[in-house]
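In: sequence first, predicted coordinates after that:
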Amino acid sequence: MSLAKRKGSAHERALANKLWDMGLAVLRGCSSGGGVRKRFVPDIVAIGPGFVLVIEAKYRSEKSSIRIEGEKVEKLLEFARRARGDAYIAVKFRGYDWHFLPITDKGDIIVRPDDLSNAYTLEQLINKYMSRSLTEYLK
């Protein structure tokens, strides 16, 4: 495994641990995205009360654009549909926190560093879903 892949995996594990520490049930896909397989496995699936987050995580040491191929986006959206969840790209640049962009459309995605100004932080994302769950519960 290359050094870049090991770094990415370490950051995925750290994100999964943060989500767990926030009270969510978390699964991290074994060799997610890699190899030939019949079923697509996302990087992280986080489950909370009344919601499922399907996450493709990307770490870069340098602030540069990140491209995700349309086929991977389509498979991520299909997994989210089957799980009745929402798909997100989680992006982390060295020295910065994770940011989350929702995925709603098929096709290639290019995430530019400036796009993260419109993204959710981890806390904002979880608060969005937890407050929605609480609102549903109180109805």
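Out: All right, it came through fine.

In: can I take it that K92 is in a strand?
Out: Yes: K92 sits within a strand when classified using DSSP: H, G, I helix; E, B strand; the rest coil.

In: now it: how far from G23?
Out: Here K92 is placed at a distance of 21 Å from G23 (Cβ to Cβ, to the nearest Å). Backbone N, C-alpha and C define where each C-beta goes, glycine included.

In: again, but for D43
Out: Distance from D43 to G23, by Cβ to Cβ: 20 Å.

In: these two - which one has more neighbours?
Out: D43 (22 against 10; other Cβ atoms under 10 Å).

In: what's the spacing between that one and I66?
Out: In this view, D43 and I66 are 13 Å apart by Cβ to Cβ.

In: helix or strand with the lowest mean pLDDT in this structure?
Out: Least confident helix or strand of the chain, by mean pLDDT, DSSP states H and E, is helix 122-138 with a mean of 79.

In: center of the chain - which residue?
Out: Among the residues of the chain, the one closest to the centroid is I55, at 2.3 Å (Cα atoms, centre = their mean).

In: that one: which element?
Out: Assigned by DSSP states H and E, I55 belongs to strand 51-60.

In: run the chain-centre distance for that strand.
Out: Mean-position distance between strand 51-60 and its chain equals 1 Å (Cα atoms, centre = their mean, to the nearest Å).

In: contacts for it?
Out: Contact with strand 51-60 is made by 7-8, 11-12, 15, 19, 24, 33, 42-47, 66, 68, 72, 76, 79-80, 83-94, 98, 100, 103, 111, 125, 129, 132-133, as judged by Cβ atoms under 8 Å, 6 or more residues apart in numbering.

In: what comes up buried for it?
Out: Residues of strand 51-60 classed as buried by neighbour count (16 or more other Cβ atoms under 10 Å): 51-60.
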